[in-house]
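Colleague: 3D, please:
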Amino acid sequence: MTHVLLVDDEPAICKALALALSRAGFRVSTALSGETAMSIVRGEHVDVLVVDLRIPDMRGDALFELASAIQPHLRARTLFTTGDITERAQELIEACRCPLLRKPFDLKDLIDWVRGVQPLQKGQSA
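Modeller: Presented below is the predicted three-dimensional model:
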């Protein structure tokens, strides 16, 4: 079962996205902070990272770099979400070479993206 780590500092959004992904058949861990997300990344395998660019204790792009240093396959298995439409936000995400869903987005788009990511097979590296 694909394990998704969902990182968003807004509890209602985090809960709604986690529920939608769980109902779609994914195993979901949630984190309301970068610190909590990094604890999860250090402690268990994550297939997919869905991260808000703006979280109070750590920018999403910094979290992405730290997480992918520990689990390198996340470089190709991370999706950013943000309501930030500034040029700087766009530059940060483009530097990570990851796709972006702008808030508000359709839950179907999120689920379809996660479904499109194939889980790593045992012993396979990204």
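
Colleague: can we go C-alpha only for contacts and neighbour counts from here?
Modeller: OK.

Colleague: output the lengthiest helix in the chain as CSV, restricted to C-alpha atoms.
Modeller: Longest helix of the chain, by residue count under DSSP state H: helix 11-23. Once non-C-alpha atoms are left out, helix 11-23 reads as follows in CSV (Å, rounded to 0.1, in the frame of the first residue of the first chain):
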residue,chain,number,x,y,z
PRO,A,11,-5.5,21.2,10.6
ALA,A,12,-8.8,21.3,8.7
ILE,A,13,-7.0,21.0,5.3
CYS,A,14,-4.7,18.3,6.6
LYS,A,15,-7.6,16.3,8.0
ALA,A,16,-9.7,16.6,4.8
LEU,A,17,-6.9,15.7,2.5
ALA,A,18,-5.9,12.7,4.7
LEU,A,19,-9.5,11.5,4.7
ALA,A,20,-9.8,11.7,0.9
LEU,A,21,-6.5,9.9,0.4
SER,A,22,-7.3,7.2,2.9
ARG,A,23,-10.7,6.6,1.2
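
Colleague: pull out the buried residues from that helix.
Modeller: For helix 11-23, a neighbour-count test (16 or more other CA atoms under 10 Å) marks 14, 17-18, 20-22 as buried.

Colleague: just stretch 55-71 next, same as before
Modeller: Of the residues in stretch 55-71, 55, 59-61, 63-64, 67-68, 71 count as buried by neighbour count, 16+ other CA under 10 Å.

Colleague: just the residues contacting the lowest-mean-pLDDT helix or strand in the chain, thanks.
Modeller: Of all helical and strand segments in the chain, the minimum by mean pLDDT, DSSP states H and E falls on helix 87-96, at a mean of 87. For helix 87-96, the surrounding residues in contact (CA atoms under 8 Å, 6 or more residues apart in numbering) are 53, 61, 64, 75, 80, 99-100.
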